[in-house]
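Visitor: Generate coordinates for the sequence data below:
(2 chains)
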Amino acid sequence: GNSVTQMEGPVTLSEEAFLTINCTYTATGYPSLFWYVQYPGEGLQLLLKATKADDKGSNKGFEATYRKETTSFHLEKGSVQVSDSAVYFCALYTGRRALTFGSGTRLQVQP
Amino acid sequence: DTAVSQTPKYLVTQMGNDKSIKCEQNLGHDTMYWYKQDSKKFLKIMFSYNNKELIINETVPNRFSPKSPDKAHLNLHINSLELGDSAVYFCASSQDTGGNQPQHFGDGTRLSIL
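Guide: Okay, the predicted model is just below:
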């Protein structure tokens, strides 16, 4: 079956540090890949997506590249801010009209 | 205007009661979903409806019954609530064009069973 594995959190960084949150997946076929972000007390929001191998999704300084050979979609940001503190979810879509989510990674950015 | 709205935001009730959560989207999407998020933030699909038709029912107890009166609404009714039902329930919607379209989430309904 389909599954998404994310690194355990929480990830605690100082402001302006470099961020990487690892995500790997198992899926049949060629899934679309997503990163969603959940701020405290809110629903999930799409952060970025990639729909085929070697695509790079980017938004708000975050980037992730669809790596088919390593079945990975790691999230990166060059310089995090306190306002980036949230829970980040990696997800994939394979056509059953629902997303399969990873377990989420909490990011805490300290001033 | 809120794109996906759920009510209520908080729901505190006793074991054995029956409750409903309502969801409405004003995006014109034709697919709607219910997800359950447990205390560890793990998010899992429960149901998916496309144009009022049930598409996915992921091994959810039959105490949970979704109802879609039209494609803009997907309500969730829960009978005989149990302690393990305590969670945050998220409604979402998307335009069903092959999976590349993002899902838009409501702010969640936090259900607490006493």
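Visitor: ok, residues contacting the strand or helix carrying B:Pro69?
Guide: Applying DSSP states H and E as the criterion places B:Pro69 in strand B:64-70. Strand B:64-70 has contacts (CB atoms under 8 Å, 6 or more residues apart in numbering or on different chains) with B:32, B:34, B:46-47, B:49, B:52-54, B:74-79. To be clear about C-beta, it is placed using only N, CA and C from the backbone, and glycine gets the same treatment.
Visitor: of those residues, buried ones?
Guide: Buried members of the contacts of strand B:64-70, counted by 16 or more other CB atoms under 10 Å in any protein chain shown: B:Met32, B:Trp34, B:Met46, B:Phe47, B:Tyr49, B:Leu74, B:Asn75, B:Leu76, B:Ile78.
Visitor: so what's whichever residue of chain A sits closest to chain B up against?
Guide: With CB to the nearest CB as the measure, A:Gly43 is the residue of chain A nearest to chain B, at 3.5 Å. Each residue near A:Gly43 by CB under 8 Å, 6+ apart is listed here: B:Val4, B:Phe90, B:Ala92, B:Phe105, B:Gly106, B:Asp107, B:Gly108.
Visitor: Correct me if wrong: the last one contacts B:Leu43.
Guide: Spelled out, it's B:Gly108. No: using CB atoms under 8 Å, B:Gly108 is not in contact with B:Leu43; the gap is 10.4 Å.
Visitor: lowest average confidence, helix or strand, in chain B?
Guide: Lowest on mean pLDDT, DSSP states H and E among the helices and strands of chain B sits strand B:53-57, with a mean of 79.
Visitor: Output the contacting helices and strands for it.
Guide: Packed against strand B:53-57 by the contact rule (3 or more CB pairs under 8 Å, 6 or more residues apart in numbering or on different chains; DSSP states H and E) you find strand B:43-50, strand B:64-70.
Visitor: Give me the nearest residue to A:Ala50, chain neighbours excluded.
Guide: Spatially, and ignoring its direct neighbours in sequence, A:Ala50 is nearest to A:Tyr66 (3.9 Å; CB to CB, 6 or more residues apart in numbering or on different chains).
Visitor: Just give the number of residues close to that neighbour.
Guide: Using other CB atoms under 10 Å in any protein chain shown, A:Tyr66 has 21 neighbouring residues.
Visitor: Equivalent analysis for the one 10 residues further on, please.
Guide: Close neighbours of A:Glu76, defined as other CB under 10 Å, add up to 14.
Visitor: cool, and the one 10 residues further on?
Guide: By other CB under 10 Å, 21 other residues sit near A:Ala86.
Visitor: Run through the bridge partners of it.
Guide: Note on A:Ala86: beta-bridge partners by DSSP bridges are A:Leu107.
Visitor: Report the contact partners of the nearest residue to A:Pro10 once chain neighbours are set aside.
Guide: For A:Pro10, ignoring the flanking residues on the chain, the nearest one in space by CB to CB, 6+ apart is A:Arg106 at 4.1 Å. A:Arg106 is in contact with A:Gly9, A:Pro10, A:Val11, A:Ala86, A:Val87, A:Tyr88, B:Lys41, counting by CB under 8 Å, 6+ apart.
Visitor: I am finished for the moment; much appreciated.
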